[in-house]
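**Student:** Give the three-dimensional model of this entry:
(2 chains)
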There are 2 protein chains.
Amino acid sequence: MAEELGHEGDIDDTGNAALGRTPFKRSESHFKDRITADGRDGWTVEPGRYRLVVSRACPWASRAVISRRLLGLEDALSMAIADPIQDDRSWRFTLDPDGRDPVLGIRFLGEAYEAREPGHPDGVSVPAIVDVPSGRLVTNDYQQLTLDLATEWTALHRPGAPDLYPERLRDEIDEVMRDVYEDVNNGVYRAGFATGQEEYEEACAGLFRRLELLSRRLADRRYLVGDTVTEADIRLFTTLVRFDAVYHGHFKCNRWKLTEDPVLWGYARDLFQTPGFGDTVDFDHIKRHYYRVHTGINPSGIVPLGPDTAGWLTPHGREDLGGRPFGDGTPPGPEVRGEEVPPSGRAAPQP
Amino acid sequence: MAEELGHEGDIDDTGNAALGRTPFKRSESHFKDRITADGRDGWTVEPGRYRLVVSRACPWASRAVISRRLLGLEDALSMAIADPIQDDRSWRFTLDPDGRDPVLGIRFLGEAYEAREPGHPDGVSVPAIVDVPSGRLVTNDYQQLTLDLATEWTALHRPGAPDLYPERLRDEIDEVMRDVYEDVNNGVYRAGFATGQEEYEEACAGLFRRLELLSRRLADRRYLVGDTVTEADIRLFTTLVRFDAVYHGHFKCNRWKLTEDPVLWGYARDLFQTPGFGDTVDFDHIKRHYYRVHTGINPSGIVPLGPDTAGWLTPHGREDLGGRPFGDGTPPGPEVRGEEVPPSGRAAPQP
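**Tutor:** I've put the predicted structure just below:
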């Protein structure tokens, strides 16, 4: 997560900035090299050469997890899943045998950052792509990374992969994503890590104003732009799927729950039930990360029992709006073995 | 509030016990004298002699606020409303001119406790009844206080006052109230001030188990016991009306919102719209108290914008279940002048 580990010193990994007087400001990524078909930054798209490092807790990393699934890049671009709870040594591979990523051989993602730039000044964030042969970080640019998966990695896409960033719709997609980023993706963080009442209220009010506009937009169209799933939907989804689980209570985004807005709740469930979306979501990782890492806003570290996640599996009726999720393409197959979300994290009725 | 000010040292006034390892345990009241018709404890029911001190934030004090309204005791028993935010000098009369209660002439409720027992070992809690002539505290026994208003103050009740604790139903009322106290009234505090994951989960699971039982009980009966409003309804109401506003997020009681359970939400709205209930509720006091005083669980002191309270005023349809809210009696008249909840605290659509 870009905000979790002190990028530019704006926020430390426990959200303790909420106790100071520094307004929350998301850092830009420090490492912005692009992996492209023509290799113009020195990094050429190649199967098996790179490793995507994510946390399933993190909305920014989850964009990449979903894109990779939808595009069928699992074999071409392997994936490391970090422990949802990082410590002051950065994101950890404690879910793997011996606490080491089996491909990169490192215990902490920070080691790949150090290999790239010793003493680099910024935080260690996910998503990150690491060059396997050298063990060096290539990019942690969460804004560009998925666009490149969609447009530069095309030679390695599966047959039937959807076009997530169609050229003729890019202006509209970019515009929607800009608003969604400012008010929603980042808006929840500005509310949750606000250092004062006024800053919080401005962010929270802006968030719900935007959600109401989005709800109106989505009332009679199945997807945000065009009639198929695009990058814009992926980016809205990764915030919506965390909304009731963490943003509503932990970040005080509590005017209403997602489940209380019939349009957005239907839209989010529709995507959740689309192969490649919900099957990447681990509610256990999400809840444990937010509630245990941000001790500045949750000192006890207690993780709430609620909310019930079974509702994610209920009928949404959005098919009636038409639309073709994958356009001329097809849905992705089942998850690659070893990458399935464990039962502890899946949407299910509460005991 | 019984828990807010260090009774028995179990919890300090900021909820910081949540950081230690001491499980939350509600203290018994220290001052248990009763004001009775026969004056057997030395305190006889008399008009104008006593002053009830409350905070509208506090669910325990709010029981007394509601009972006093329903029974028409406003003239006989005057009421002081403390600032929702107490400090280390105890509950403050900062809402009154010059920061002094105009009847008792004191700035802090603790002064009446000191007058009763200098150096008393326990916390200063509301509700409290103070003897006006001597300025001494009589009782802070939140469990007995309202029962005495219903049964000992009868000579001063208004014409048409309901019987809130009917003799023939007392066993059933007591039994219901025992369960509601343990799992609901106090259960939310045990969840919110839990010092560890297991303690929290036990309290939260018990709370929702009990709410589900209550929801089933109330599906086909309008009130908890008999067919009229009783003390049991008052005690459940004071927790339910705070549920979505503070317990759901701040205390992590988040399996579902009250608004998500059609029966309990209908039941709570029915009471809210009954004269003497909703007209005593100040959501502004409630939210500011919990979110600003408990810095141990909300270090930033930021008060959330949500949830929208307009829903409290919507139709509930519970009249169809029959029942007679006031039995053979009548509803209370409007609030006494000077005791109206200000617009800032009333249920209303959000701006």
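
**Student:** Give me the three-state assignment for the closest residue to residue A:350 other than its chain neighbours.
**Tutor:** Using CB to CB, 6 or more residues apart in numbering or on different chains and skipping residues adjacent in sequence, the residue nearest residue A:350 is residue A:308, 4.9 Å away. C-beta here means a position set from N, CA and C on the backbone, and glycine is covered the same way. Secondary structure state of residue A:308, per DSSP: H, G, I helix; E, B strand; the rest coil, is coil.

**Student:** which parts of chain A sit against chain B?
**Tutor:** Counting by CB under 8 Å from any CB of the partner chain, the residues of chain A lying close to chain B are A:18-19, A:194-197, A:200-201, A:204-205, A:248-249, A:252-257, A:259-260, A:296-308, A:350.

**Student:** Make a PyMOL selection of whichever of those residues turn out to be buried.
**Tutor:** Buried subset of those, written as a PyMOL selection, criterion 16 or more other CB atoms under 10 Å in any protein chain shown:
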select buried, chain A and resi 18+194+195+200+201+204+205+248+249+252+253+254+255+256+257+259+260+296+297+298+299+300+301+302+303+304+305+306+307+308
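
**Student:** Could I get the contacting residues of the residue nearest to residue A:350?
**Tutor:** A:349-350, B:255-256 (CB atoms under 8 Å, 6 or more residues apart in numbering or on different chains).

**Student:** Lowest-confidence entry in these?
**Tutor:** For the contacts of residue A:308, the weakest pLDDT value sits at residue A:350, with 70.

**Student:** May I have the residues that are in contact with it?
**Tutor:** A:305-306, A:308-310, B:255.

**Student:** Now flag whichever of those is closest to residue B:165.
**Tutor:** The nearest member of the contacts of residue A:350 to residue B:165, counting by CB to CB, is residue B:255 at 31.8 Å.

**Student:** Would you mind measuring from that closest one to residue B:230?
**Tutor:** To residue B:230, residue B:255 is 27 Å away according to CB to CB, to the nearest Å.

**Student:** So which residues of chain A form helices?
**Tutor:** Applying DSSP state H to chain A gives helices spanning A:59-71, A:110-116, A:145-151, A:170-179, A:187-192, A:197-217, A:231-242, A:262-272, A:283-293.

**Student:** export these to a markdown table and tack on mean pLDDT?
**Tutor:** What follows is the helices of chain A, written out as a markdown table (pLDDT from 0 to 100):
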| stretch | mean pLDDT |
| --- | --- |
| helix A:59-71 | 98 |
| helix A:110-116 | 97 |
| helix A:145-151 | 98 |
| helix A:170-179 | 98 |
| helix A:187-192 | 98 |
| helix A:197-217 | 98 |
| helix A:231-242 | 98 |
| helix A:262-272 | 98 |
| helix A:283-293 | 98 |
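
**Student:** Which one of those lies nearest to residue A:98?
**Tutor:** Judging the helices of chain A by CB to CB, what sits closest to residue A:98 is helix A:110-116, at 14.6 Å.

**Student:** Which elements pack onto the closest one?
**Tutor:** When contacts are defined as 3 or more CB pairs under 8 Å, 6 or more residues apart in numbering or on different chains; DSSP states H and E, helix A:110-116 sits against strand A:128-131, strand A:136-139.

**Student:** switch the cut-off to 7 Å
**Tutor:** strand A:136-139 (3 or more CB pairs under 7 Å, 6 or more residues apart in numbering or on different chains; DSSP states H and E).

**Student:** as a whole number, average confidence for the strand it packs on?
**Tutor:** Average pLDDT, strand A:136-139: 98.

**Student:** now it, how far from the centre of its chain.
**Tutor:** Remark: strand A:136-139 is offset 19 Å from the chain centroid, using CA atoms, centre = their mean, to the nearest Å.

**Student:** and what of stretch A:139-151?
**Tutor:** Mean-position distance between stretch A:139-151 and its chain equals 12 Å (CA atoms, centre = their mean).

**Student:** buried set for that stretch?
**Tutor:** Under 16+ other CB under 10 Å, the buried positions of stretch A:139-151 are A:139-142, A:145-151.

**Student:** and if you look at stretch A:95-106?
**Tutor:** By neighbour count on 16+ other CB under 10 Å, the buried set for stretch A:95-106 is A:96, A:101, A:103-104, A:106.

**Student:** from the residues you listed, which single one is nearest residue B:289?
**Tutor:** Relative to residue B:289, the closest of those is residue A:96; by CB to CB it sits at 46.7 Å.

**Student:** burial of the closest residue to residue A:349 other than its chain neighbours, as a residue count?
**Tutor:** In space, and not counting its chain neighbours, residue A:349 is closest to residue A:310: 4.1 Å by CB to CB, 6+ apart. When neighbours are counted by other CB atoms under 10 Å in any protein chain shown, residue A:310 registers 11.
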